[in-house]
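Engineer: build the 3D model from these lines:
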Amino acid sequence: MKEIICHNLNNNDVETLEKTLSHGPQYKLVHISSIAELLEVEVGRLSCFFMRIRSRDDSDSIEAILKYFTRIPIHLVIEDQNYEALSLAFKYRVNEVFESEISSSTLDRALLRVSLLEDTDSTQVPIEQVFRLFSGSMKIKTNLDLFNRLALYFKSFQFSCEFSLLESLKDGTHLVYGNDISQAVIEELKSKKIPRRYLGEVIELEDDRLGTVVFSGSNQAVWAVIKTDFGDQDYLLNPLFFKFLEGVMLFRASEEKQQSLEMLAKTDEVTGLYNQRKLSEDLQIAVKQHEQDHDKFSIMFIDVDHFKNVNDSHGHVVGSKLLQDIGSVIIQILRQSDHVYRYGGDEFVVIMPHVDIETVYKVANRVLTQIKGKEFEIEGGDIYRLSVSIGIAEYPTDAKSALDIIRFADEMMYMSKRSGRGKVFHVNEVDDAGSGS
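Structural biologist: Now for the predicted structure:
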């Protein structure tokens, strides 16, 4: 059984190391506290070396230890911001550096590299190249990142290997990287039904090629198709390769879930529009953008007139449906670059980038006219008609901050209501604000 030498590790380090090793290859942990004894260890029988560097440790002793164990993978846990120790780690090309404590996920990848190194005697692979696949972060967020990493991996082998990467989407399967393959292979891949997050199965394809899924998501799958000598297949598609892909996939799934949760927190649950939290963020962005390019932007503050009567007479279910329909009417009038938000209750806000007060006034009147002329269908096929009051504002003419422009547009909306409702209002810039209603 191969040994792992440990020096100065604390109880948490040892616990994390033992827990990780329990799921992989069997190693014997040997703890040595004496530096003199450490420098007499027979390095050839070791798999790797772990050492915690404390702020009080002598740099000359650290360097002597690193130099002695330089033939095997070295892992350092460095306390505080010890730049001298980091410099030595770089100098002796240690396998992994942990900051303050051993991370189980980083440790897992480090030990994978140790296992891979132990298998290199029977292969022709240039190990320093393949290390780039397994030593790099698994935080691969896009298919392009994954394609580049896999291309590096397959091109690293000295034996002949043709490879292709294909992406399966709803509209079909497409070659995205590598050697051309026949339409017969593509058609064969189309017929394969791969469950989400499934890895490890290698299938035989036309033209003496092998195929395996390297990424499987909710709307896509990425296939690697290879052609190589029979004796090289198992080494090329080895357990470490699939272990890396599993880590990538779990990260991607976690990122996908996190993004969904973040979007959910910024979306109004009734209308599906952005909510007030997202409005606050986007107004701050719009203000910063103005500071860079000095271009104007404008907003509308829209309130549905007498909407309380809807909820009182027909209930909140009907009211919610009408709010959804109003949001749809507004979206259809706007540009793709404009954004609609439900501000709360029966109020909506629109941000229009690169638009002055005259333009937003015209668009606001179109919104007002469309809503006023629409027959909204409610329960039982009954028709309900609505009107809105709209306040408009231009940045930076009417306000000097994100909060101020909302307050100004809100006040313009209330002035519209006080002047008779069903109008577009701006106190300074547009004198005939009510003419469009």
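Engineer: any idea of the mean pLDDT for stretch 184-204?
Structural biologist: Regarding stretch 184-204, the rounded mean pLDDT is 70.
Engineer: how long is that stretch end to end?
Structural biologist: End-to-end distance for stretch 184-204: 13 Å, by Cα to Cα, to the nearest Å.
Engineer: ditto for stretch 271-281
Structural biologist: Stretch 271-281: ends 19 Å apart by Cα to Cα.
Engineer: and for that stretch, what's in contact with it?
Structural biologist: 265-268, 282, 323-324, 327, 339-344, 348-349, 351, 402, 406 (Cβ atoms under 8 Å, 6 or more residues apart in numbering). Any C-beta I mention is one placed from the backbone N, CA and C, and that applies to glycine too.
Engineer: now with 7 Å, please.
Structural biologist: Identification of contacts with stretch 271-281 by Cβ atoms under 7 Å, 6 or more residues apart in numbering yields 265-268, 323-324, 327, 339-344, 349.
Engineer: could you do stretch 177-185 as well?
Structural biologist: Residues contacting stretch 177-185 (Cβ under 7 Å, 6+ apart): Phe147, Ala151, Glu162, Phe163, Ser164, Leu165, Leu175, Leu205, Glu206, Asp207, Arg209, Val225.
Engineer: surely the fourth one touches Asp232?
Structural biologist: No - taking Cβ atoms under 7 Å as the contact criterion, Phe163 and Asp232 are not neighbours in contact, 12.0 Å apart.
Engineer: okay, these two: which has more neighbours?
Structural biologist: Using other Cβ atoms under 10 Å as the criterion, Phe163 and Asp232 rank with Phe163 on top: 22 against 17.
Engineer: and the pLDDT for that one?
Structural biologist: 81.
Engineer: show me where the stretch 101-250 of the chain has its helices.
Structural biologist: Assigned by DSSP state H, counting those that start in this stretch, the helices in the stretch 101-250 of the chain fall at 104-118, 127-135, 143-155, 183-190, 233-236, 239-265.
Engineer: mean pLDDT for the ones you listed: which is lowest?
Structural biologist: Averaging pLDDT over each of these puts helix 127-135 lowest, since it has a mean of 51.
Engineer: any stretches of the stretch 251-400 of the chain with poor pLDDT?
Structural biologist: Residue ranges of the stretch 251-400 of the chain with pLDDT under 70: 252-253, 255-256, 259.
Engineer: could you pull out the strands in it for me?
Structural biologist: Along the stretch 251-400 of the chain, counting by DSSP state E, counting those that start in this stretch, strands occupy 297-304, 339-344, 347-353, 376-377, 383-384, 388-395.
Engineer: returning to that earlier point: can you flag the buried ones in the contacts of stretch 271-281?
Structural biologist: Lys266, Thr267, Asp268, Leu323, Gly327, His339, Val340, Tyr341, Arg342, Tyr343, Val349 (16 or more other Cβ atoms under 10 Å).
Engineer: would JSON lines of the contacts of stretch 271-281 with distance to Val214 be doable?
Structural biologist: Below are the contacts of stretch 271-281 laid out as JSON lines (distance: Cβ to Cβ, whole Å):
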{"residue": "Ala265", "distance to Val214": "32"}
{"residue": "Lys266", "distance to Val214": "32"}
{"residue": "Thr267", "distance to Val214": "32"}
{"residue": "Asp268", "distance to Val214": "38"}
{"residue": "Leu323", "distance to Val214": "44"}
{"residue": "Gln324", "distance to Val214": "41"}
{"residue": "Gly327", "distance to Val214": "41"}
{"residue": "His339", "distance to Val214": "37"}
{"residue": "Val340", "distance to Val214": "39"}
{"residue": "Tyr341", "distance to Val214": "40"}
{"residue": "Arg342", "distance to Val214": "41"}
{"residue": "Tyr343", "distance to Val214": "45"}
{"residue": "Gly344", "distance to Val214": "46"}
{"residue": "Val349", "distance to Val214": "44"}
